[in-house]
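**Student:** following is a predicted model, sequence given first.
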Amino acid sequence: MTQPPALSLAGSATIGGEPLFRDIAFAVPAGRWTCLLGPSGVGKTTVLRLFAGLATGVVHEGTCAASDGPLAGRVALMAQDDLLLPWLDLIGNATLGARLRGEAADTARAREVLAAVGLAGMFHRRPRELSGGQRQRAALARTLMEDRPVVLLDEPFSALDARTRAQMQELTARLLAGRTVLLVTHDPAEAARLGDVIRIMTEDGIEEVPPPPGAPPRPVDDEHVLWAQASLLARLRKES
Ligand SMILES: Nc1ncnc2c1ncn2[C@@H]1O[C@H](COP(=O)(O)OP(=O)(O)OP(=O)(O)O)[C@@H](O)[C@H]1O
């Protein structure tokens with residue numbers, strides 16, 4: 001993997017003629033996890049789509065850049081919808097990126113990653129044969145298969161039960177260590193566990209909130225993590 005870049009987004013955007021954000025300045029440091037929280041509809045997914053170069057329908061006036069050159073081809077995006085192809089089995093879905101690029105599909109690695117997300121024994125199932133949480137883990141596996149320095153995750157653990165969510169947070173933190181990760185989440189506990197940097201997006205802009213001490217993934221029951229979680233929730237309740 002090449003050295004991960006920092007990202008930055010600045011300026012204003014409209015969508016469908018409606019203002020979305022104005023004069024924001026958002027910095028995502030290199031090689032760290034940045035967690036982005038905020039009320040529903042404030043524009044968090046749009047920020048991810050701008051970084052991914054997929055923000056159709058958005059008029060953005062400003063800059064959206066990596067610290068070391070063009071971002072195209074260096075980003076993996078896990079969208080809110082799992083976007084699994086219904087006619088492919090899980091191995092086919094997990095190796096889709098490589099095959100679309102005309103590269104050999106690394107099915108051995110796909111098996112490893114699918115097993116790591118708890119889908120061993122389901123390699124040849126189609127997406128319709130999976131639960132919502134299993135589909136989300138299959139989409140996570142596909143994202144983890146992409147060896148990209150920048151990884152954008154849009155509520156990647158939202159459909160998981162509490163125990164699986166904690167496991168997937170730990171696995172993803174381990175597998176994506178050292179990459180530039182931008183995670184959009186509605187879960188203050190998740191941000192408190194995983195964020196090297198935590199930011200809240202509101203209609204007034206993007207503010208930074210200090211993370212709890214210690215390296216992610218922090219223990220769920222750590223007193224500083226619990227305190228940060230409560231404090232983030234209080235701030236979010238004020239904004240919504
Ligand atoms: N294709 C579109 N056309 C018109 N408006 C859109 C489109 N996509 C999103 N929007 C609007 O843009 C705003 C921001 O949407 P976005 O998905 O970025 O918000 P979000 O903060 O990620 O929300 P959530 O937390 O609910 O996922 C919302 O008001 C939404 O209705």
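**Tutor:** Cool, the structure landed. Numbering: from 1, shown residues only.

**Student:** which stretches of this protein have low pLDDT?
**Tutor:** 1, 240 (pLDDT under 70).

**Student:** for the most centrally placed residue in it, helix, strand, or coil?
**Tutor:** In the chain, the centroid-proximal residue (CA atoms, centre = their mean) is L153; its distance is 1.2 Å. At L153 the chain is in strand, as set by DSSP: H, G, I helix; E, B strand; the rest coil.

**Student:** go on, E170?
**Tutor:** Looking at E170 with three-state DSSP, the answer is helix.

**Student:** so what's the residue count around it?
**Tutor:** For E170, the tally of surrounding residues (other CB atoms under 10 Å) stands at 15. For glycine as for every other residue, the C-beta is placed from the backbone atoms N, C-alpha and C.

**Student:** OK, contacts around the closest residue in space to it that isn't next to it in sequence?
**Tutor:** In this structure, E170 finds its nearest non-sequential neighbour in P217, 5.0 Å apart by CB to CB, 6 or more residues apart in numbering. Contact partners of P217, counting by CB atoms under 8 Å, 6 or more residues apart in numbering, are 169-170, 173-174, 193-194.

**Student:** check T14 too.
**Tutor:** Per CB under 8 Å, 6+ apart, neighbours of T14: 20, 58-59.

**Student:** is it in a helix, a strand, or coil?
**Tutor:** strand.

**Student:** over to R109?
**Tutor:** Following three-state DSSP, we place R109 in the helix state.

**Student:** wasn't T143 part of a helix?
**Tutor:** Yes. Assessed with three-state DSSP, T143 lies in a helix.

**Student:** just to revisit the earlier point, looking at this, the residue nearest to E170 is in a helix?
**Tutor:** No. Secondary structure of P217 (three-state DSSP): coil, not part of a helix.

**Student:** for L77, name its beta-bridge partners.
**Tutor:** For L77, the beta-bridge partners under DSSP bridges are L152.

**Student:** who in this protein is up against the ligand?
**Tutor:** 15-16, 20, 38, 40-46, 57 (CB under 6 Å from any ligand atom).

**Student:** report the buried members of these.
**Tutor:** 15, 20, 38, 42-46 (16 or more other CB atoms under 10 Å).

**Student:** from the chain's centroid, how far away is the longest helix anywhere in the chain?
**Tutor:** Ordering each helix of the chain by length in residues (DSSP state H) puts helix 223-239 first. Distance of helix 223-239 from the chain centroid (CA atoms, centre = their mean, to the nearest Å) equals 20 Å.

**Student:** hmm, who's touching it?
**Tutor:** With CB under 8 Å, 6+ apart, helix 223-239 has contacts from 37-39, 188-189, 191-193, 198, 200, 202, 209, 211-214, 218-219.

**Student:** narrow those residues to those that are buried.
**Tutor:** For the contacts of helix 223-239, buried by 16+ other CB under 10 Å: 37-39, 188-189, 191-193, 198, 200, 202, 209, 211-212, 218.

**Student:** out of the residues you listed, who's nearest the ligand?
**Tutor:** Nearest to the ligand among the buried ones among the contacts of helix 223-239 is G38, at 5.8 Å by CB to the nearest ligand atom.

**Student:** bridging residues for the residue lying closest to that closest one once chain neighbours are set aside?
**Tutor:** Excluding the flanking residues, the one nearest G38 by CB to CB, 6+ apart is M201, at 3.6 Å. Under DSSP bridges, the beta-bridge partners of M201 are I206.
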